[in-house]
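Engineer: Got a predicted structure plus its sequence, pasted below:
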Amino acid sequence: MTRSEQAIQADIVAALAKAGRFAFRVHSGNVRVARGYMQLAPEGTPDLYVLGFGWLEVKAEQGKLRASQVAMHARIRAAGERVETVRTVADALVAVLQGGV
């Protein structure tokens, strides 16, 4: 059974919290509100931000990066920030606690 990205994200946030790290979900795009739309983070922004580490893009088992994500990852790296694509809790823990997937 393939797990959803949202379920994997929640497990990653919980596992990182147990490891003493603070991670939170970042929503991107637009959302409808009472008087129109509210702009969230720019399209392609990775799913999770981990303080003291950088960004994690979470993909399900067969998930692929969209063009907007590839472009945003390049912008993040060009700005000197770290971004890793992970598929499991184990991938995320290795990336954040050991410096890479």
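Structural biologist: Happy to help now that I have it.
Engineer: Neighbours of Ala15, how many?
Structural biologist: When counting by other C-beta atoms under 10 Å, one arrives at 18 neighbours for Ala15. (Glycine included, C-beta is placed from N, CA and C.)
Engineer: meant to ask about Gly54
Structural biologist: Gly54: 18 surrounding residues under other C-beta under 10 Å.
Engineer: Run through the residues that contact the nearest residue to it once chain neighbours are set aside.
Structural biologist: With sequence-adjacent residues excluded and distances taken as C-beta to C-beta, 6 or more residues apart in numbering, Gly54 is closest to Arg82, at 3.2 Å. Counting by C-beta atoms under 8 Å, 6 or more residues apart in numbering, Arg82 makes contact with 53-55, 76.
Engineer: and which of the residues you listed is nearest Gly44?
Structural biologist: Nearest to Gly44 among those: Ile76, at 9.4 Å, using C-beta to C-beta.
Engineer: Now that closest one: which helix or strand?
Structural biologist: helix 67-78 (DSSP states H and E).
Engineer: same for that helix, what does it pack against?
Structural biologist: With contacts defined as 3 or more C-beta pairs under 8 Å, 6 or more residues apart in numbering; DSSP states H and E, the packing partners of helix 67-78 are strand 54-58, strand 83-86.
Engineer: Cool, thanks, talk later.
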